[in-house]
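just coords:
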């Protein structure tokens, strides 16, 4: 298990040569199907998504330091799945 104790540690463990939360958020948006976002504060990292074509957000996952990096990837996976489900439900209801 790889523990994330703070934001600097998070950047190092992610290993994408990011230097700030803006780069993390941009890369997360770009490389997820749902266009997920990331933010951070002194307590930890937050992950979620606004589902395109609807007015619905996914659940925001709050990962408080310390957390395992696997928890971040699992939260991102959950956001992807939830966004996909919302998108399908929204589009079926609209048709």
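Yep, it's here. Quantities reported herein were computed from a predicted structural model and do not represent experimental measurements.

Flag the shaky bits of the protein, pLDDT-wise.
93-95 (pLDDT under 70).

how does it look with 50?
95 (pLDDT under 50).

Backbone dihedrals for the nearest residue to residue 86 once chain neighbours are set aside, please?
Leaving out its chain neighbours, the residue that sits closest to residue 86 by C-beta to C-beta, 6 or more residues apart in numbering is residue 51, at 4.5 Å. Backbone N, C-alpha and C define where each C-beta goes, glycine included. With angles defined as degrees, to the nearest 10, residue 51 sits at phi -80, psi 120.

number of nearby residues for residue 51?
Residue 51: 19 surrounding residues under other C-beta atoms under 10 Å.

ok, now which ones touch it?
If a contact means C-beta atoms under 8 Å, 6 or more residues apart in numbering, then residue 51 has 34, 57, 58, 83, 86, 87, 90 as its contacts.

Is my assumption valid that the last one occupies a position in a helix?
Yes - secondary structure of residue 90 (DSSP: H, G, I helix; E, B strand; the rest coil): part of a helix.

which residues does the closest residue to it other than its chain neighbours contact?
Distances taken as C-beta to C-beta, 6+ apart place residue 54 nearest to residue 90, at 4.2 Å, with adjacent residues excluded. Residue 54 makes contact with 86, 87, 90 under the criterion C-beta under 8 Å, 6+ apart.

out of these, which one sits closest to residue 30?
Taking C-beta to C-beta as the measure, residue 30 lies nearest residue 87 of the contacts of residue 54, at 18.0 Å.

how far away is the residue nearest to the closest one when sequence neighbours are not counted from residue 61?
Closest residue to residue 87 apart from its sequence neighbours, by C-beta to C-beta, 6+ apart: residue 51 at 5.4 Å. Distance, residue 51 to residue 61, by C-beta to C-beta, to the nearest Å: 15 Å.
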